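> with the input below, show me the fold.
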Amino acid sequence: MNSRYDVIVVGGGLSGLSVANELSELKVLVIDMKKEPHKGIACAEWTPKLPEFAPFAKSSVEHMEIHYGRKVKILKSPGFIINREKYQEKLLNDLKADVHLGERVMKVEGHDVITTYGRYRGDFIVGADGPKSVFTKNENIRFLVAINARVPLRKEIKNTIVFFDKKFKYGYAWCFPRGEMANCGVGAESKNIKKLLSIWLYILKKRGIVNSDKVYDVHTGLIPLDAVHFPKKDYYYLAGDAGGFIDPLTGAGIAFSKESAKIVKHAILEGKHGVDYKKYLESSPIVKFLQRRKYKRRILEEEWENIEEAVKKSWLSSFRE
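Have a look, this model is predicted:
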């Protein structure tokens, strides 16, 4: 099979679908190895309170409780906890692009994308295939390991909960209300992330927040820590986790995936590539923000042995931005 497209998007997750949606006036192909790429995502599902997310909201929150050492800080952090699966499913169903699911990309050679079923040629190629992208596989990118589960709540909670402890090295645990359930998880530098989840659920159960005897939809993933990556070829672009468009401090990624798709759209339609695209990225307010967050992460890790100081100098100070 040989087909020519204006744009080939490798990856049919949130960022890939968003890129294809933004470039709906062009001939676009989306390829993903999964048959249902909107399922099995390790995500706390928090988004800013934007209208596009409102129809998919399972809960609405106004504040975040940050527990660190012996201290608790409550900060204004309005947002939704959405049904991300339904949100991505709607994006997929609304696409005007060609979509090939259950098709693995074996290699990208210049303008050609070679898969298990054929070879496709694109004027531009967008890497949106997650943190372990084929476009950045030789780069030394750092990750935290993440795990998320759905757990029944024993009592109503109105805020998101973030919990720091030395056991969750360089990361944190979370509990985000999702209707009668909660997204509970851990992101950390760890070789046994499931054990850390068990510890966190025990803490939540002991505090009367969840019923950890029933745990559903356990999924793992990776959180990139190195902020934005620059593509290696003039006609390549990166979006979402593949491009480092994720907050390296908090791990938040949904809104940044959407923003990265807009950046890719404008770059392609305005003919920005190579050096011009790098300058365009470097001047983007989103990219500058993520670079500042990378600096905050460095502070968090350098001060880690003193959790209270680490969180104060990184997380708490970041809420002023």
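
> and the contacts of the lengthiest helix in the chain?
Of all segments of type helix in the chain, defined using DSSP state H, the longest is helix 285-302. Contacts with helix 285-302, where a contact means Cβ atoms under 8 Å, 6 or more residues apart in numbering, come from 170, 225-228, 244-250, 256, 259-260, 263, 281-282, 310-311, 313-315, 317-318, 321. C-beta: built from backbone N, CA, C; applies to glycine.

> and the residues you listed, which are buried?
Neighbour counting over the contacts of helix 285-302 (16 or more other Cβ atoms under 10 Å) leaves 170, 225-228, 244-250, 256, 259-260, 263, 281, 310-311, 313-315, 318 as the buried ones.

> among those, which ones are in helices?
With DSSP H as the criterion, helices contain 256, 259, 260, 263, 281, 310, 311, 318 from among those.

> check contacts around the first one.
I take that to be residue 256. When contacts are counted by Cβ under 8 Å, 6+ apart, residue 256 touches 240, 245, 246, 247, 286, 290.

> helix or strand with the lowest mean pLDDT in the protein?
The helix or strand of the chain with the poorest confidence is helix 275-282; it has a mean of 85 (mean pLDDT, DSSP states H and E).

> and the angle for that one with helix 285-302?
Using axes from the mean of the first three to the mean of the last three Cα atoms, to 10 degrees, the direction of helix 275-282 lies 60 degrees away from that of helix 285-302.

> hey, C-alpha coordinates of helix 275-282 in PDB?
Output of helix 275-282 as PDB, limited to C-alpha atoms (Å, rounded to 0.1, in the frame of the first residue of the first chain):
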ATOM      1  CA  VAL A 275      15.600  26.900  12.600                       C
ATOM      2  CA  ASP A 276      12.400  29.000  12.200                       C
ATOM      3  CA  TYR A 277      10.300  26.400  14.000                       C
ATOM      4  CA  LYS A 278      12.900  26.100  16.800                       C
ATOM      5  CA  LYS A 279      12.700  29.900  17.300                       C
ATOM      6  CA  TYR A 280       8.900  29.700  17.100                       C
ATOM      7  CA  LEU A 281       8.900  27.100  19.900                       C
ATOM      8  CA  GLU A 282      11.300  29.000  22.000                       C
END
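
> quick check: buried residues in that helix?
Going through helix 275-282 with 16+ other Cβ under 10 Å, the ones that come out buried are 277, 280, 281.

> need these in a markdown table (columns: distance to residue 298).
Formatted as a markdown table, the buried residues of helix 275-282 follow (distance: Cβ to Cβ, whole Å):
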| residue | distance to residue 298 |
| --- | --- |
| 277 | 26 |
| 280 | 25 |
| 281 | 21 |
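
> nearest to residue 181, of those?
Using Cβ to Cβ, the shortest approach to residue 181 within these belongs to residue 281, at 38.0 Å.

> contacts only, for that closest one.
For residue 281, the contact set (Cβ under 8 Å, 6+ apart) comprises 228, 230, 263, 287.

> hmm, 10 Å instead?
The neighbourhood of residue 281, defined by Cβ atoms under 10 Å, 6 or more residues apart in numbering, consists of 228-231, 237-238, 243, 260, 263, 267, 272, 287-288.

> TSV for those residues, including pLDDT and distance to residue 24?
Compiled in TSV, those are given as follows (pLDDT from 0 to 100; distance: Cβ to Cβ, whole Å):
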residue	pLDDT	distance to residue 24
228	87	25
229	85	26
230	84	26
231	84	22
237	95	16
238	95	20
243	94	20
260	96	17
263	94	16
267	92	16
272	81	19
287	93	24
288	94	28
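
> the closest residue to residue 267 other than its chain neighbours and residue 283, how far apart?
With Cβ to Cβ, 6 or more residues apart in numbering as the criterion, residue 267 has its nearest non-adjacent residue at 5.4 Å, and that residue is residue 277. Here the distance between residue 277 and residue 283 works out to 11 Å (Cβ to Cβ, to the nearest Å).

> do residue 133 as well
Separation of residue 133 from residue 283 (Cβ to Cβ) stands at 23 Å.

> the more surrounded of the two?
For residue 133 versus residue 283, the count of surrounding residues by other Cβ atoms under 10 Å is larger for residue 133: 23 against 9.

> for that one, give me its contacts.
For residue 133, the residues meeting the contact criterion (Cβ under 10 Å, 6+ apart) are 10-11, 127, 139, 141, 224, 229, 238-244.

> try residue 282
For residue 282, the set of contacting residues under the criterion of Cβ under 10 Å, 6+ apart consists of 228, 230, 288, 291.
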